[in-house]
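Student: Turn this into a structure:
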Amino acid sequence: MAMPFLSSVAPTEGCCGNMPTFDDLDRLSIGEIADLPPTLLLALQDEAAVETARVKRLKDRFEAALAQRYGAATEAERFAQGKTSGTVRIEDAGVMVIADLPKKVTWDQDRLATMATRIREAGDDPTQYLEIAYRVPERRFGAWPDAMRDGFAAARSETTGKPVFRLETRDR
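Tutor: Numbers count the residues shown, from 1 in each chain. Now for the predicted structure:
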């Protein structure tokens with residue numbers, strides 16, 4: 001059974017009528033926000049999602065404009081420095097432009113396992129060259145027979161992340 005929550009039925013004063021808007025949230029304490037009626041919390045959550053999407057769109061447009069303006073110059077600077085990735089600096093009318101192109105490396109896990117076996121067979125320790133990690137997908141672990149799970153249980157620990165709350169109306 002769901003526990004009822006005490007909700008304030010008197011709206012908190014805001015800029016539009018008496019109801020606070022999304023823009024009012026930074027002037028309210030966490031406690032004041034938590035005490036708002038659930039329907040207003042739902043409306044504010046929806047407004048937050050719309051604002052988040054708007055800001056992401058604007059940020060993406062701005063970053064595309066920066067790439068258009070500085071992409072060729074920073075790529076040329078990177079080439080001049082003999083780099084294929086990393087950070088370069090150029091100047092534009094007294095403004096230092098710092099452009100970072102991160103390196104993304106992936107390794108073929110099957111080939112690494114083969115190399116680890118070869119190293120071990122040659123009498124050397126593969127951990128001197130490779131970081132070896134073992135993982136068990138949680139879905140597989142849950143599907144194992146009890147005896148198998150019991151054998152692995154001591155090697156397993158579980159933590160939780162940050163809680164996420166989503167509000168919906170009953171008809172959603």
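Student: Which helix runs longest in the chain?
Tutor: As assigned by DSSP state H, the longest helix anywhere in the chain is helix 38-80.
Student: Whichever helix or strand comes after that helix: how far from the chain's middle?
Tutor: Downstream of helix 38-80, the next assigned helix or strand under DSSP states H and E is strand 86-92. Centroid displacement of strand 86-92 relative to its chain, using Cα atoms, centre = their mean, to the nearest Å, is 27 Å.
Student: what sits up against strand 86-92?
Tutor: For strand 86-92, the surrounding residues in contact (Cβ atoms under 8 Å, 6 or more residues apart in numbering) are 69-70, 73-74, 77-78, 81, 96-101, 103. For the C-beta atoms, the positions are set from N, CA and C on the backbone; glycine is no exception.
Student: Go through those residues and name the one nearest residue 41.
Tutor: When the contacts of strand 86-92 are compared for distance to residue 41 (Cβ to Cβ), residue 100 wins out at 38.9 Å.
Student: isn't there a helix covering that closest one?
Tutor: No. The assignment for residue 100 (DSSP: H, G, I helix; E, B strand; the rest coil) gives strand, which keeps it out of a helix.
Student: rewinding a little: would you mind listing which of the contacts of strand 86-92 are buried?
Tutor: Buried by 16 or more other Cβ atoms under 10 Å: 70, 74, 77-78, 99, out of those.
Student: Now render those residues as a markdown table, adding pLDDT and distance to residue 29.
Tutor: As requested, those are exported to a markdown table (pLDDT from 0 to 100; distance: Cβ to Cβ, whole Å):
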| residue | pLDDT | distance to residue 29 |
| --- | --- | --- |
| 70 | 96 | 42 |
| 74 | 95 | 44 |
| 77 | 97 | 48 |
| 78 | 95 | 48 |
| 99 | 95 | 41 |
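Student: And those, which two are furthest apart?
Tutor: Pairwise distances across those peak at 11.5 Å for 70 and 78 (criterion: Cβ to Cβ).
Student: ok now stretch 19-33, how far from the chain's centre?
Tutor: Mean-position distance between stretch 19-33 and its chain equals 25 Å (Cα atoms, centre = their mean).
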